[in-house]
Structures are given as structure tokens and as C-alpha cells.
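J.: dropping a prediction and its sequence here:
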Amino acid sequence: MERVKKVPGSKSTRVYICHPLSCAVNDNVNRVQQICLEIMRGVRNALHGRDDGYTSRLPWEAKGLYGRGFPCPLAPHLLFPTFMDDDTDVERNLAMDWCITLLDSCEKLWVIGKHVSVGMQEEITHAAQQNIEIIWFDAEDFGLKEVPL
């Protein structure tokens with residue numbers, strides 16, 4: 001297995017992925033997996049000079065975000081549902097507390113989609129209060145359809 005070599009001058013920026021989870025948990029987990037996959041493919045291709053169709057349509061490239069660090073996605077959606085129940089108030093509140101803790105370690109908050117859930121609004125408000133850069137994307141930017149809450 002070939003080890004990926006870091007490109008001189010490249011830097012990763014911790015990006016918190018803000019996307020709905022509640023209502024259709026499994027569907028939304030799959031959507032966040034797709035978002036993270038798109039990010040990984042885009043970064044891989046940009047760092048290694050390849051284009052298999054992803055590099056040319058990177059949403060953060062269009063927003064002029066290259067040169068400010070390649071995104072390293074942090075998506076609690078892919079971890080917490082594996083051992084927490086979003087339908088249980090105590091566990092949901094604990095998960096939101098942990099999400100805020102993770103958000104505090106990030107440089108950016110990427111809001112994905114036009115529909116903002118209650119949990120997303122809490123994350124957006126916290127990011128604004130902490131001066132964490134907030135960047136909005138349409139779901140289509142990641143090859144997904146918008147899904148109403």
C-alpha cells in the first residue's frame with residue numbers, strides 16, 4: 001500500500017459538517033457520508049493532480065476556498081447515531097452538547113442544504129458567537145437533492 005505523501009505547503013482545515021440528522025436518521029447519515037466522500041475525492045484529486053470528474057466541480061473551489069486549507073470534514077452524524085438514540089431527549093441533548101464541543105475545535109462550519117433543523121440552528125448560532133467562519137452550500141453542490149425537513 002502506497003503511503004500518501006503530504007504536498008508541501010498544503011494544510012488541512014477542520015470543517016464541521018452541519019446537516020440535518022433527525023426525522024430520517026439513516027437517510028441523513030447516508031447523505032453526510034456522500035458529502036464526506038465528495039470532500040475526500042476532491043482533496044485527493046487536488047493534492048495529486050488528478051481529475052476523475054470531482055475536482056472540476058468542487059463547491060469550495062467555486063467559493064475560492066483553496067489556498068485557505070484543504071477541508072478535513074468533521075461529521076458527528078457518522079459517529080453518534082451508532083451508539084445514541086436521537087429519539088431520546090436525554091441522549092439527543094447530550095449529543096448536541098458533544099457536537100458543540102467538536103464544533104469549537106473547528107475553523108469553519110459548512111452548512112449543507114437550504115433547510116435548517118433545530119439542531120443545525122443551534123450549531124450555526126454557536127459558530128457565529130464563537131466567530132467560526134460559516135459557509136453555506138446547496139445540497140446540489142455535493143450531488144444531492146434538497147430534502148425538506
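T.: Yep, it's here. Because the structure is a prediction, the values reported are computed rather than measured.
J.: for the record, mean pLDDT for the helix or strand hosting Glu38?
T.: Using DSSP states H and E, Glu38 maps to helix 25-48. Per-residue pLDDT values across helix 25-48 average out to 84.
J.: what's it packed up against?
T.: strand 12-18, helix 59-62, strand 70-74 (3 or more CB pairs under 8 Å, 6 or more residues apart in numbering; DSSP states H and E). In this view, the C-beta of every residue, glycine as well, is placed from N, C-alpha and C.
J.: pLDDT of the shortest one, averaged?
T.: Computed over helix 59-62, the mean pLDDT rounds to 55.
J.: picking that back up, buried sites along the helix holding Glu38?
T.: Neighbour counts over helix 25-48 (16 or more other CB atoms under 10 Å) mark 28-29, 31-32, 35-36, 38-39, 41-43, 45-46 as buried.
J.: tell me the angle that helix makes with strand 12-18.
T.: What separates the directions of helix 25-48 and strand 12-18 is an angle of 160 degrees, with axes from the mean of the first three to the mean of the last three CA atoms, to 10 degrees.
J.: ok, back up a step: columns distance to Asp97 on top of the buried residues of helix 25-48, output as CSV?
T.: Converted to CSV, the buried residues of helix 25-48 look like this (distance: CB to CB, whole Å):
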residue, distance to Asp97
Asn28, 20
Val29, 20
Arg31, 23
Val32, 19
Ile35, 23
Cys36, 23
Glu38, 28
Ile39, 25
Arg41, 32
Gly42, 31
Val43, 30
Asn45, 36
Ala46, 35
